[in-house]
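Q: Here you go, sequence then predicted model.
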Amino acid sequence: MSENNTPLLRLDHIGKEFYGNRVLSDISFDINAGEIIGLVGENGAGKSTLLNILFGMPVISSTGGHEGALFVDGKKVNFTSPNQALAQGIGMVHQEFSLIPGFTATENILLNREVLNGSSLSYLFSDRVSTLNREEMNARASAAINTLGVNINPDMIVSEMPVGYKQFIEIAREIDRKNTRLLFLDEPTAVLAESEAEILITALKKLARSGIAIVFISHRLSEVKELCSRILVLRDGKLITDQPAESLSARQIASLMVGRESEKKVDLQKLPEEPEDIESENASDSLTQQKKKKKIRPALKVEHLWVDMPGETVRDVSFEVMKGEIFGIGGLAGHGKLGIPNGIMGLYPAGGRVRLFGRSLTLNKPRKALGRKMAFVSEDRRGVGLLLDEPLDWNITFTAMQTQGRFLLGIPYIFQMRNEHAMRKEARKYIDSLNIKCTGPSQLAGELSGGNQQKVCLAKAFVLRPNILLICEPTRGIDIGAKSLVLDTLKEYNRENGTTIIITSSELEELRSVCNRVAIVDEGKIAGILPASSPAEDFGMLMMGQTHQEEGEESA
Amino acid sequence: MIKRFIQNAGWPRIIIALFLLALFIAAPFVGVRVDTSLSNTLVRFGMNGVMVLAMIPMVQAGCGLNFGLPLGIIAGLLGATLSIEWNTEILAWLSGLGTQYKISWLNDIFVTAWREPLGFASAIIIAIPIAAILGWFYGKLLNRVKGDEMMIATYVGFSSVSFMCIAWLLLPYKHPTMVWGYAGKGLRTTISVEGYWLHVLSDSLALNIKTDDIHLYIPTGMLIFFAVMAVLVWIFMRTKTGTAMTAVGSNPEFARASGVNVDRMRTISVMLSTILGAIGIIVYEQSFGFIQLYMGPFYMALPAVASILLGGASVNKAGILNVIVGTFLFQGILTMTPSVINSYLQTDMSEVIRLIVSNGMILYALTRKVRAGR
């Protein structure tokens, strides 16, 4: 079915802007029949947008379409809905499952393509009244499942399946479609166990031999290298490289993904002159030196922490943070980096041991964590971080009022009224010092811009006079000017008060610019902890699930 | 300036207020007295005020409007009937205290002068613990159905009323003024409070001007009682607990992250609402003159809900001012529309208009909630 010279799909200078925000520019490549292409890139590199364009998702056309042109079999196409893409034989398996939980595997695989029994009624009316030919359907479903080389009972109900199975069902559905020629897989192995991932990779290779082209998106570089014949690296919306897989090492891919020119970033000014600057190459070495020199006890010691936070599961994490340190936690979205601070603060069910200045901390109770003078700035600013319908002084002082009994008048435990004068005064203090743009302490938090809201969240944490400050995604969704201001504020606060700060962020460069050490989380575990001065590609390797040993083997 | 006022007050309130004003202006022309109408409005305002106040804690804690107000009302009815049932015993016990401690003037006060206020106070004192217990269970229930509180609350109200229809018959009340005459047991549907605490609040300090030109009656005592309750609620919402409660209603996730026990705050708010409902119905009864049992409390929640919404409260924000403005406007419309429009149309439209206004207001407010939803 493949024509010899014309590529199956050609992308010609594809670009996309969302409201003046450029996410993709000038992407051109071909996909040939039977080829497996690996598409890799950091979060926010533009992979999802590219997929949305190729699959004709309404998000694209409703925001003004895209630049450049798409050619299928050499003919120009313009998809405005996924149905058109399906008709051209393009299938897509999404990261999130789109299966009907109460239906069986068969019903899901053949949804809307059911095998029908003809009956007199269907002559009179339409196919809508025909009954289903269950046997034939089961046979087709089994065939599709078998192509994948797994053994799943087609009568099994999807909601009762382990996640791995669901992924196979998703793929089986696309395979069953007779005209499928090109299959996009968005992180299909993310939810699979290693053995399942291997089965899937074998199955995909088999599919490719039958002439189906596959675009495989994954953060696991080893899989990409094993499966794909060509690797495309996206970074900041640009196609950085398009090379045969053999010519690239995992390390090279990682550095291509994260490598950026330093002058491009506003907040990247190399390591700032921190009091305890870590010069040594090896993190653990410098730590022992530090301990010897200053006899610093760890401020926070986390052992075998697990956190059940939906979408950010933490499996087994242990690390130590020194007093006065700025510690970074990085990693890709969904690998559990956000779960760590949320779990320590007791917002999601957690287990393991957390010791604060040598004394153990009760988990699962936000009040206990706050009582131990820890403060938390949530990544979900509007959902958890702020009272959008309340004035700024409430937002800033509420936590301190409830946990430390400040900003109150009266006798504790008997009768205490809030001291609105003190609340306003405190709010005004932070509005001035953090330069929050607002009409005054009585303006509602929901009316502020993202950057100013983030400053309110910081003020809320500072009011608690914390010993340890945990901050999630401090710069998410705020403009560049506010970004550097927020980061500078944190650095200054650390310098002036000696507060231990733990920053969780998906922006590696940001972490490297403010932190002393950065831990990279991969699949719910810590892949490694490096001093911030380590080269970017080392962090990239950790993010891609390559631990130090593997890396060593590879280069050997 | 005018624009600002309109924005602050909100169009619905301005329209209703203008309508009410128009009714007052039109009243003399169709033979309805303005002064009696005004007196009636004030009396109704005082009667219903506390029950509207009962909406505040639950709204502020994010439990929605208290459609389960009948539960609080039932506690109030139990308090009211028990205060009559045990009236003699209570007074005897109190005067016994006087004898015991040799304070003879106490005797006189309890037996004669303060007989009625003490009866009223005993009704409230009995009702409060009952309301607190019922409210605790009601709160626990609402914590299990977060997001659907108002629907569940409605059915809590309805089913508790139906349950009490059986209970009123079976409870061993004995007092001759309250039980059915022919059987000697089971409470009557309507019980007069005359001789116990009729108009205890309404008539104390009341301003009653009755000349040929002016017929004005202002139930000062009842209005003061309402004001005291309103100030108490206002103060409570400013305490540490009240502040936490408001934060829970505003954003439960924020409150949890700040170490507040969200479920506990919600339960407290429901208990408070139920207690206020119980006190509210007793105030209502002393003015109305009758305790209405059985299906009496069935639709009691709707006027209270409509009032606070009319006063500009939303499903998750309400204040004292909303209560005052809303109750006055709603009760004003309810007093004026039937009398003025009936006199004009020469037919009885009162019930129809009452229903259109109260249900229309609830409908309006609930649709507004959807738009405001995040």
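A: Looks like it arrived, so ask away.
Q: From here on, just use CA atoms for contacts and neighbour counts.
A: Fine.
Q: Using the three-state scheme, assign the most centrally placed residue in chain B.
A: Centrality entry for chain B: nearest residue to the mean C-alpha point is B:Met51, 1.8 Å, by CA atoms, centre = their mean. Assigned with DSSP: H, G, I helix; E, B strand; the rest coil, B:Met51 falls in the helix class.
Q: helices or strands next to the longest helix seen in chain A in the packing?
A: Longest helix of chain A, by residue count under DSSP state H: helix A:480-497. Secondary-structure packing of helix A:480-497 (3 or more CA pairs under 8 Å, 6 or more residues apart in numbering or on different chains; DSSP states H and E): helix A:450-463.
Q: Do any residues in the very next helix or strand once past the helix it packs on lie close to chain B?
A: Going down the chain from helix A:450-463, the next helix or strand is strand A:468-472, by DSSP states H and E. No. Strand A:468-472 does not reach chain B (CA under 8 Å from any CA of the partner chain); its nearest approach is 12.6 Å.
Q: between strand A:468-472 and helix A:450-463, how big is the angle?
A: Angle, strand A:468-472 to helix A:450-463, by axes from the mean of the first three to the mean of the last three CA atoms, to 10 degrees: 160 degrees.
Q: Can you tell me the number of residues neighbouring residue 26?
A: Just going to use chain A. Burial of A:Asp26 is recorded as 16 neighbouring residues (other CA atoms under 10 Å in any protein chain shown).
Q: To clarify, I was referring to chain B.
A: B:Ala26 is flanked by 16 other residues according to other CA under 10 Å.
Q: element containing it, please.
A: helix B:11-26.
Q: Just give me how far that helix sits from the chain centre.
A: Relative to its parent chain, helix B:11-26 has a centroid offset of 24 Å by CA atoms, centre = their mean, to the nearest Å.
Q: The stretch 201-350 of chain A: helices as residue ranges?
A: In the stretch 201-350 of chain A, the segments counted as helices under DSSP state H, counting those that start in this stretch are A:221-227, A:250-258, A:283-294, A:339-344.
Q: Ranked by average pLDDT, which of these falls at the bottom?
A: Set side by side, those differ in mean pLDDT, and helix A:283-294 is lowest with a mean of 50.
Q: OK, contacts around the spatially most central residue of chain A?
A: Central residue of chain A (CA atoms, centre = their mean): A:Ala333, 1.6 Å from the mean position. A:Ala333 is in contact with A:Asn43, A:Glu312, A:Ser506, counting by CA atoms under 8 Å, 6 or more residues apart in numbering or on different chains.
Q: pLDDT score for the nearest residue to the second one once chain neighbours are set aside?
A: With CA to CA, 6 or more residues apart in numbering or on different chains as the criterion, A:Glu312 has its nearest non-adjacent residue at 4.0 Å, and that residue is A:Gly336. pLDDT, A:Gly336: 87.
Q: for B:Ile356, same thing?
A: pLDDT, B:Ile356: 80.
Q: quick one, phi psi at it?
A: Dihedral angles of B:Ile356 (phi, psi; degrees, to the nearest 10) stand at phi -60, psi -50.
Q: Can you give me the neighbour number for it?
A: 11.
Q: before we move on, back to that, could you identify the helix or strand that succeeds the longest helix of chain A?
A: strand A:500-504.
Q: Helix, strand, or coil at A:Ile526?
A: Classification of A:Ile526 using three-state DSSP returns strand.
Q: Residues of chain A that sit close to chain B?
A: The interface of chain A toward chain B, taken as CA under 8 Å from any CA, is made up of A:347, A:365-368, A:370, A:383-390, A:398-399, A:401-403, A:408, A:415-418.
Q: how far away is the residue nearest to the centre of chain B from chain A?
A: Going from B:Met51 to chain A by CA to the nearest CA, to the nearest Å gives 25 Å.
Q: Spit out the contact partners of that residue.
A: By CA under 8 Å, 6+ apart, B:Met51 lies in contact with B:Leu276, B:Gly277, B:Ile279, B:Gly280, B:Ile281, B:Ala304.
Q: okay, those residues in CSV with neighbour count and pLDDT next?
A: Below are those laid out as CSV (neighbours: other CA atoms under 10 Å in any protein chain shown; pLDDT from 0 to 100):
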residue, neighbour count, pLDDT
B:Leu276, 28, 95
B:Gly277, 34, 95
B:Ile279, 28, 95
B:Gly280, 26, 95
B:Ile281, 30, 94
B:Ala304, 29, 91
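Q: Show me which pair in the residues you listed is furthest apart.
A: Largest separation among those by CA to CA: B:Ile279 and B:Ala304, giving 13.8 Å.
Q: just to revisit the earlier point, now intersect the residues of chain A next to chain B with the helices, please.
A: Short answer: the residues of chain A next to chain B in helices (DSSP H) are A:Pro366, A:Arg367, A:Lys368, A:Leu370, A:Phe398, A:Thr399, A:Met401, A:Gln402, A:Thr403.
Q: My guess is the fourth one contacts A:Gln402. True?
A: If I follow you right, that is A:Leu370. No. Applying CA atoms under 8 Å as the test, A:Leu370 and A:Gln402 come out as separate, 9.9 Å apart.
Q: tell me, what's touching these two both at once?
A: The contact sets of A:Leu370 and A:Gln402 overlap at B:Ser258, B:Gly259 (CA under 8 Å, 6+ apart).
Q: circling back: quickly name whichever of the ones in helices among the residues of chain A next to chain B is closest to A:Lys437.
A: Closest to A:Lys437 out of those is A:Phe398 (20.1 Å), distances taken as CA to CA.
Q: tally of neighbours for the closest one?
A: Neighbours of A:Phe398 using other CA under 10 Å come to 28.
Q: Ok, B:Gln100 next?
A: Residues lying near B:Gln100 (other CA under 10 Å) number 10.
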